[in-house]
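J.: Sequence first, then the predicted structure:
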Amino acid sequence: MPTNLIRNIAVVGQSGTGKTTLVEKLLHFSGTTNHLGKVEKGDTVTDFDNQSIHYHHSIEATPVALAWKKHRLNLIDTPGQNELIGRSLSIFPAVETTALVLDPQTPITQISQQLFEFAKTQRKCQMVIINKIDIAPNQCQQLLNEINQLFGGRCLPINLPNAQGTSVVDCYFEPQFEQPTLIESVANTHEQLIDQVVEEDEALMEIYLEQGSELTPNQLHDPLEQALRLGHLIPVCFTSCENNAGLSLLLDAFTQLMPMPSEGNPPLLEKQGKPVSIDCDSLEHTVAHVFKVSNDPYLGKLAYLRVYQGEIHSGSQLYVGDTNKAFKVNHLYQLQGSLRSEIHKALPGDYCVLAKVDELDFDSIVHDSHDEDDVALHALSLPTPMHGVRVQPTKRGDEQKLSDVLNKIVSEDPSLRVELRSRTNETILSGLGEFHLQIALEKMRDIYKLDVQTSQPSIEYFETITRPAEGHYRHKKQSGGAGQFGEVQLKVRPLERGAGMQFINKVVGGAIPTSLIPAVEKGIHQAVAEGAISGNPIHDIEVTVYDGKYHSVDSKEIAFVIAGKKALLNAIENAGPIVLEPIAQLQVNIPIEYVGDVTGDLSSHRGLIEGSHTSNMGYSFISAKAPMTELQDYAARLRAMTGGQGTFSLTPSHYEPAPPKLQKEVCAEDV
Ligand SMILES: Nc1nc2c(ncn2[C@@H]2O[C@H](COP(=O)(O)OP(=O)(O)OP(=O)(O)O)[C@@H](O)[C@H]2O)c(=O)[nH]1
Ligand SMILES: [Mg+2]
């Protein structure tokens, strides 16, 4: 399949709008599959894993390929559940186009807006699919208005539901001018589209305006692609999976309107921070990106690659990142849900799967020449995992297995994180919410056969100081044999929030020999890591060592480590030490009737409401800041307040001094 006939499209959007059903329908409608599965029956191509079948929701992002009018369409069905958004966003580098699926029955939620904004920052061409027009045809107009209000007025329909909402009328390819529609006349819709496209090309605009001539699809092709690339045009299509309305026009839009791999905005590759351009050509060096990793019980670790340039074939010798040693491609696969077929090569623009290559991780760049050693994709800003759970193996002796399984689970999902807090000896698995963690823990139990106990992790407080102070310590030990002697004088001052710890050496005249300064620094670092008043690390502090004493025989490293540590603790005692607590940025999305309860609850938990707005469709978006200490049970609180209809997301914001009562509690815990 030549590269110019490939189209790569991510099917994204909030949960329940019909993404999986639509992909299943398109596979069937295009003749790619014989069987038409249903999400509820658990027999669709893309919701094939046990968890998707169990929950009747897509849990994984799953690519499938279908054939339409000589084209190859790679569609990626993605999860729409809020907490699985990381699994959707992380496959964006594999596509030129994202298609946001909405339905007229459901208000647009925060996740659809997040997906839309992310597509913009990733420079994807975008389209919107309004599905389920059979259910609420009369609400299509309202949804279209809402879309334009939220997404900036460039979302123009290329087809419209007919007057009864039972089928879809073409307004672009072969406009059916005489057909009545539910929303607007075909002629007006067609004209709006052409007006928007010719804006991109002055010469064409002149032909169009002055000569009033009809423009051919050929003439419109280049400006149309430019309008899509620049986000000046976001085509909107209407569909119904219930009665197949708009499926054929949607497939035409995918293949004839949306860009081929060489026409979309190029991937955001860079080398040492500078952009790297690629050429979607088979003869170029191979450059490919791992957009997903999964662990198959039979095949082992699977890496899904998008080839950006060059080819991958069986027998290829490839490098991962800047490693020196090449690995050899033995088998190359294409996966269609649970079905696997072996292929011999993957062309630029296409996808392939490599099995059992341990070196491949999510976001790895694979290439075949050392020229591309330092090439990387510009870091994706995925949501930060803020919901942590402490995990411990139920059975003694499973510690190593826990670590291996956690690494596997985390390798499959870039928005899960595992962290070992040595200070408290806690292993913390963090994700984007309760459900996200629940499916990770279920997978550990069901697939990897590991039972774990979970508990609430401790909050990560910091200590800092509020004023400058001096510190001094003389360490002297004489007990038989060689003694220990070291004396350190230092001063500390507070730094701005987020500055961390800075160490300055201003010792002159050899009061402490240069060779022993690292020992002093080591002692200071130990004290900083262990904290002075609460057992939490000290942040935002400058430590200047300016004097001391040593003894030519007894001054060993250990003496200065101890003197450095104790001199710092001595300084901190006089520097007004306080405990800082983490504050989170909170976005809450709720039906409007719960606004009073939700804002009241936040205020009574030391939250600060920063703003809110309401959508036409009855949903309110509240942004607030609140201490993490008060948010540990927020999922349960919000569920109780809104009857399960509210959603929220957290991102780290900053650290603030804890109120006096909490200061006392945190310091008391350390005793
Ligand atoms: N009436 C009607 N129902 C539809 C249509 N499309 C999908 N559905 C139903 O909507 C429900 C949700 O569909 P899914 O395909 O699972 O939705 P999804 O967007 O994949 O949801 P997530 O995987 O959770 O993100 C299912 O019961 C489908 O049968 C449609 O066009 N019309
Ligand atoms: Mg789905």
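T.: Sure thing, it's come through. Numbers count the residues shown, from 1 in each chain. Ligands and ions are numbered 1, 2, ... in the order given.
J.: Remind me which helix or strand the residue of the stretch 351-500 of the chain found nearest ligand 2 belongs to.
T.: At 14.0 Å from ligand 2, Ile439 is the closest residue in the stretch 351-500 of the chain, using C-beta to the ion. Backbone N, C-alpha and C define where each C-beta goes, glycine included. Remark: Ile439 resides in helix 434-446, with elements defined by DSSP states H and E.
J.: What score does Asn4 have for pLDDT?
T.: Listed pLDDT for Asn4 reads 94.
J.: Now the element after the strand ranked longest in the chain, going C-ward?
T.: Ranked by residue count, the top strand of the chain under DSSP state E comes out as strand 578-591. Using DSSP H and E, the helix or strand that follows strand 578-591 towards the C-terminus is helix 595-604.
J.: still on that earlier bit, who does the helix holding Ile439 touch, helix- and strand-wise?
T.: Under the contact criterion of 3 or more C-beta pairs under 8 Å, 6 or more residues apart in numbering; DSSP states H and E, the helices and strands touching helix 434-446 comprise helix 50-55, strand 387-393, helix 399-411, strand 426-431, strand 452-455.
J.: Indicate whether it makes contact with ligand 1.
T.: No: with C-beta under 6 Å from any ligand atom as the threshold, helix 434-446 lies outside contact range of ligand 1, at a closest distance of 11.1 Å.
J.: Against ligand 1, how distant is Ser58?
T.: Applying C-beta to the nearest ligand atom, to the nearest Å, one obtains 3 Å for the distance of Ser58 from ligand 1.
J.: Then that residue would be within a strand, right?
T.: No: counting by DSSP: H, G, I helix; E, B strand; the rest coil, Ser58 is located in no strand; its state is coil.
J.: For Cys125, which non-adjacent residue is closest in space?
T.: Leaving out its chain neighbours, the residue that sits closest to Cys125 by C-beta to C-beta, 6 or more residues apart in numbering is Leu228, at 4.1 Å.
J.: The residue of the stretch 351-500 of the chain found nearest ligand 1: how many residues sit nearby?
T.: Distance from ligand 1 to each residue of the stretch 351-500 of the chain (C-beta to the nearest ligand atom) is smallest for Phe435, at 11.1 Å. Applying the criterion other C-beta atoms under 10 Å, we find 18 residues in the vicinity of Phe435.
J.: Number of residues surrounding Pro180?
T.: 12.
J.: Quick check, it in contact with Ala163.
T.: Yes: Pro180 sits in contact with Ala163 when judged by C-beta atoms under 8 Å, with a separation of 4.4 Å.
J.: Tell me which helix or strand in the chain has the weakest average pLDDT.
T.: helix 202-210 (a mean of 87; mean pLDDT, DSSP states H and E).
J.: Counting by contacts, list what the lengthiest helix in the chain packs against.
T.: With residue count as the measure and DSSP state H as the assignment, the chain has helix 557-573 as its longest helix. Using 3+ C-beta pairs under 8 Å, 6+ apart as the contact criterion, the elements in contact with helix 557-573 are strand 469-477, strand 484-494, helix 517-530, strand 541-549.
J.: Using CSV, list the CA coordinates for the first one.
T.: Taking Å, rounded to 0.1, in the frame of the first residue of the first chain, the C-alpha atoms of strand 469-477 are listed here in CSV:
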residue,chain,number,x,y,z
ALA,A,469,20.4,32.0,60.5
GLU,A,470,23.8,30.8,61.5
GLY,A,471,24.8,27.3,62.4
HIS,A,472,27.9,25.7,64.1
TYR,A,473,29.0,22.3,65.2
ARG,A,474,32.2,20.8,66.4
HIS,A,475,32.5,17.0,66.2
LYS,A,476,35.1,15.6,68.5
LYS,A,477,35.6,12.0,69.5
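J.: Buried residues, it. List them.
T.: 469, 471-473, 475 (16 or more other C-beta atoms under 10 Å).
J.: And Glu178, how close does it get to Pro383?
T.: Going from Glu178 to Pro383 by C-beta to C-beta, to the nearest Å gives 48 Å.
J.: Give me the more crowded residue out of the two.
T.: Neighbour count, other C-beta under 10 Å: between Glu178 and Pro383, Pro383 has more, with 19 against 9.
J.: Before I go, just wanted to say thanks for your time.
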